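Novice: Model the structure of this input:
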Amino acid sequence: MSASRIRRALAGSVVAGLIAAGTGITVGIAPASALADPAALPTVQINGVVWSQAIVGNRVYAAGSFSTARPAGAFAGTNESPRSNLLAYDLTTGALISSWAPSLNAQGMVVTASPDGATIYVGGDFTSVDGQTRNRLVAVDAITGAVRPNFRPGVNGTVRALQVVGDVVYAGGSFTSTGGVPRNRLAAFSATNGALLGWAPVADRGVRALLALPALNKVVIGGSFATMNGAPNPGTAAVDATTGASLSWPANTVVRNGGDSSVGITALVADGTQVYATGFNFVAYRAGWLEGSYATDFDGNLHWVNGCHGDQYSLYADSDAIYTVGHAHDCSFIGGFRESRPIYYRAISETTTAQGTNVGGDFPGQPAPALQSWRPALSAGAFTGQIQGPWHITGDSRYLVLGGEFTSVNGVGQQGLVRFALTAPPQNTTVGQDSFSRTATGGWGRADLGGSWTGGSTTASIADGSGRIALAPAGSTTMRLGSLSEGNVDLTLKVWLESMPTGGGMYLAPVVRSSAAGEYRAKVRIQSTGAVAVSLVRVVAGVETEVVAPLTVAGLTYTAGSKLNLRVQATGTAPTTLSAKVWADGAPEPADWQRTLTDATDGVQTPGSVGLWNYQSGSAAAPMVVRVDDVLVTRLG
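Specialist: Below is the predicted model:
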């Protein structure tokens, strides 16, 4: 990719794409945080270590070194599912997503997503994925887990940091070449085809973190290096996102975690106003060597330093606080808890702004944040031999997710992964419901809850306790609860056909977020053979696009008059997560969604009505009657 192409990719992005590469006991009095309650939520567990996680909609992708996953509450060795260093789980429930299971032959060190959420990029030590050669860098489908065939860059050493901006993938680690071309621990690739790009800053030691600031055409880099492009830039540096040329980063004259592999910057994250970093120091306490965190503006001018002792490995920032993980043990320098080993605080929160000054320690006189009250108790683990607990933290507006090698949280067994709610648990509300316990002609009239049904004209009626829609060959209709306007919504309903379909079959599609601009559909096709398939469809400006291809539901064969349960759910905006499933009435509901997508297309990112779209193939031999019952519309959180 040319330099101009990199500039175009960056210009089309928003500020602050982010990536980062014993038991605590709360003591003293600290300012309140946005997350004062450290109650852990049930989350899938692993049998090793998680190094990195990425959130896309309602999915969390976790990379590390592990071979099995098991449900929350299960003891090690019980109820396990094979997973080779990579897995996905549901952010809202913590349950393993059984349909996503790419296999890495060695550990994954970092995971991140493409801007549209459709592709997951993983870096690490592996050399093959699902049996295909992929040297330490791979792209996989976010829904199916299939390896992207056109992305095969490969490097000769560990990848520990990744950032995707537009169609550019930035990578950092310990590698020194890619495809025989020298690259000194930093490289950039085309997200489309994996081609090596010209961006080639030179770090003299390993890179652990990358943070792109697209609006400034800047990439901030963290690691153990002493120099960047041959000039002194200990631990943190900034470079041009197109050319790789060095830019000023004044904070590295105060925080100087570089020049030795036993010190370094471990994570870089930004919010709307500041850049945050965490550091480690395995050597000795020394002025300028950070074990806590620091904050700067986007030009690298230092705002404050958290001079706590106890290495910090990762952080997440929101508008109220930053949350870090590591093993803090002495924060007396900023007015917090004093040394009391073997007590370690493995997850802490602090203010985003300076509240005081470092007194003593390694950064005397520097402005300092204040500790807050969130300090869940996470145990150390033994898997890596480093006697650490959590290694990574990230989140969204709803949850924090922590990964590492801990084996318990707040005294309860929980290995490797855990969630915490950032806000009160969402309360779901029933906003639409219909049992069709009335009679009607020329439409369905008013639902039990949610207003009146629209559509159907003379083809719709109610009789015998269910809604009725008559369709001629090539006929279609949509029944909507038009007065509802829902964004995060769950729609379930029961449907059946009075006779078997003929010709090309019958299509039944629950509809969500329906407006003049567009809608989402979960399209269920019943064929004349009885086969049932489900796909996901987006309609914008009258144009229908099948976004996720049909899946024929194994073990489900339709017969005339038998009832099917249809369920579709939409959550989030830009991207939206759309999920669907279909199952025989009377059978258990499948635990997993059968079709899922993440989508950010304009026109379907706003609330809309719900309903049911129906179509009979034009090659059908006779009219068809569709029956509908037990409609339930739930507003999610």
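Novice: Stretch 369-388 spans what distance, first to last residue?
Specialist: 25 Å (Cα to Cα, to the nearest Å).
Novice: Which of the residues in that stretch are classified as buried?
Specialist: For stretch 369-388, burial by neighbour count (16 or more other Cβ atoms under 10 Å) applies to 369-381, 383, 388. Using the backbone N, CA and C atoms, a C-beta is placed for each residue, glycine as well.
Novice: do stretch 67-81 as well
Specialist: Within stretch 67-81, the residues that count as buried by 16+ other Cβ under 10 Å are 68-72, 80.
Novice: related to what we said a few turns ago, now compare the buried residues of stretch 369-388 and name the two farthest from each other.
Specialist: 370 and 383 (33.5 Å; Cβ to Cβ).
Novice: Just the CA atoms of stretch 154-167, as PDB, please.
Specialist: What follows is stretch 154-167, C-alpha atoms only, in PDB (Å, rounded to 0.1, in the frame of the first residue of the first chain):
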ATOM      1  CA  GLY A 154       3.800 -13.700   8.800                       C
ATOM      2  CA  VAL A 155       6.700 -12.500  10.900                       C
ATOM      3  CA  ASN A 156       9.700 -14.200  12.400                       C
ATOM      4  CA  GLY A 157       9.000 -13.400  16.100                       C
ATOM      5  CA  THR A 158       6.300 -12.900  18.600                       C
ATOM      6  CA  VAL A 159       3.500 -10.400  17.900                       C
ATOM      7  CA  ARG A 160       2.400  -8.700  21.100                       C
ATOM      8  CA  ALA A 161       0.500  -5.600  19.900                       C
ATOM      9  CA  LEU A 162      -2.000  -5.000  17.100                       C
ATOM     10  CA  GLN A 163      -4.000  -2.000  15.900                       C
ATOM     11  CA  VAL A 164      -6.400  -1.900  12.900                       C
ATOM     12  CA  VAL A 165      -7.100   1.500  11.400                       C
ATOM     13  CA  GLY A 166      -9.200   1.500   8.200                       C
ATOM     14  CA  ASP A 167      -7.500  -1.100   6.000                       C
END
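Novice: What average pLDDT does it get?
Specialist: Mean per-residue pLDDT for stretch 154-167: 97.
Novice: same deal with stretch 594-605?
Specialist: Mean predicted lDDT for stretch 594-605 stands at 92.
Novice: check contacts around the nearest residue to residue 181 once chain neighbours are set aside.
Specialist: Closest residue to residue 181 apart from its sequence neighbours, by Cβ to Cβ, 6 or more residues apart in numbering: residue 196 at 6.0 Å. Counting by Cβ atoms under 8 Å, 6 or more residues apart in numbering, residue 196 makes contact with 153, 178-179, 181, 183, 187-189.
Novice: Buried only: go through these for me.
Specialist: 153, 178, 183, 187-189.
Novice: Can you list which of these are found in helices?
Specialist: The helices, defined by DSSP state H, take in nothing from the buried ones among the contacts of residue 196.
Novice: Looking at those, which is nearest residue 454?
Specialist: The nearest one, if we look at those relative to residue 454 and count by Cβ to Cβ, is residue 189, at 50.3 Å.
Novice: Residue 199 is in contact with that closest one, correct?
Specialist: No. Using Cβ atoms under 8 Å, residue 189 makes no contact with residue 199, being 9.2 Å away.
Novice: Return every residue with contacts to both of those two.
Specialist: Here residue 189 and residue 199 have residue 168 as joint contacts, going by Cβ under 8 Å, 6+ apart.
Novice: quick one: low-confidence parts of the stretch 351-500 of the chain?
Specialist: Within the stretch 351-500 of the chain, the stretches with pLDDT under 70 are 425-426.
Novice: Now do the strands in it.
Specialist: Remark: strands assigned in the stretch 351-500 of the chain by DSSP state E, counting those that start in this stretch are 356-357, 367-368, 390-395, 399-404, 408-409, 412-413, 417-421, 429-434, 440-441, 453-454, 460-463, 466-471, 476-486, 489-497.
Novice: Adding mean neighbour count and distance to residue 108, write these out as CSV.
Specialist: Shown next, in CSV, are the strands of the stretch 351-500 of the chain (neighbours: other Cβ atoms under 10 Å; distance: least, Cβ to Cβ, whole Å):
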stretch, mean neighbour count, distance to residue 108
strand 356-357, 15, 39
strand 367-368, 23, 35
strand 390-395, 26, 12
strand 399-404, 26, 11
strand 408-409, 23, 23
strand 412-413, 13, 24
strand 417-421, 24, 14
strand 429-434, 18, 39
strand 440-441, 14, 57
strand 453-454, 20, 49
strand 460-463, 19, 52
strand 466-471, 22, 49
strand 476-486, 20, 37
strand 489-497, 21, 32
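Novice: Nearest to residue 246, out of those?
Specialist: strand 367-368 (26.3 Å).
Novice: Give me the contact list for that closest one.
Specialist: By Cβ under 8 Å, 6+ apart, strand 367-368 touches 303-307, 333-335, 354-358.
Novice: Now a ChimeraX select for only the buried ones of the residues you listed.
Specialist: Buried subset of the contacts of strand 367-368, written as a ChimeraX selection, criterion 16+ other Cβ under 10 Å:
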select :303,304,305,306,307,333,334,335,354,355,357,358
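Novice: so residue 183 makes contact with residue 172?
Specialist: No. At 10.0 Å, residue 183 does not count as touching residue 172 under the criterion of Cβ under 8 Å.
Novice: Give me the neighbour count for the closest residue to residue 273 other than its chain neighbours.
Specialist: Residue nearest to residue 273 in three dimensions, not counting chain neighbours: residue 297, with 7.5 Å by Cβ to Cβ, 6+ apart. Using other Cβ atoms under 10 Å, residue 297 has 13 other residues around it.
Novice: contacting residues around residue 297?
Specialist: 273-275, 303.
Novice: if we can go back for a sec, in TSV: the contacts of residue 196, plus distance to residue 239.
Specialist: Listed next are the contacts of residue 196 as TSV, based on distance: Cβ to Cβ, whole Å:
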residue	distance to residue 239
153	20
178	18
179	22
181	18
183	13
187	12
188	11
189	16
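Novice: what's the most distant pair in the residues you listed?
Specialist: Every pair of the contacts of residue 196 checked by Cβ to Cβ; the farthest is 179 and 188, at 13.3 Å.
Novice: now the residue nearest to residue 181: how far from residue 190?
Specialist: 8 Å (Cβ to Cβ, to the nearest Å).
Novice: Can you list the buried residues in stretch 523-542?
Specialist: Quick answer for stretch 523-542 (16+ other Cβ under 10 Å): 523-528, 532-539.
Novice: Figure out the helix or strand that residue 237 lives in.
Specialist: strand 236-240 (DSSP states H and E).
Novice: From residue 419, how far out is residue 86?
Specialist: From residue 86 over to residue 419 (counting by Cβ to Cβ), the distance is 18 Å.
Novice: hmm, back to that, now flag whichever of the contacts of residue 196 is closest to residue 469.
Specialist: For those, the nearest to residue 469 is residue 189 (51.4 Å; Cβ to Cβ).
Novice: Please name the residues that touch that closest one.
Specialist: Residue 189 touches 137, 151, 153, 168-169, 171, 195-197, counting by Cβ under 8 Å, 6+ apart.
Novice: before we move on, what SS does residue 252 have?
Specialist: Classification of residue 252 using DSSP: H, G, I helix; E, B strand; the rest coil returns helix.
Novice: Give the phi and psi angles for residue 199, as a check.
Specialist: phi -60, psi 120 (degrees, to the nearest 10).
Novice: show me the contacts for the residue lying closest to it once chain neighbours are set aside.
Specialist: In space, and not counting its chain neighbours, residue 199 is closest to residue 188: 3.8 Å by Cβ to Cβ, 6+ apart. Residue 188 is in contact with 6, 168-171, 196-200, counting by Cβ under 8 Å, 6+ apart.
Novice: for residue 188, which residues make a bridge with it?
Specialist: residue 170 (DSSP bridges).
Novice: Would you quantify the distance from it to residue 149?
Specialist: From residue 188 across to residue 149, the span is 21 Å (Cβ to Cβ).
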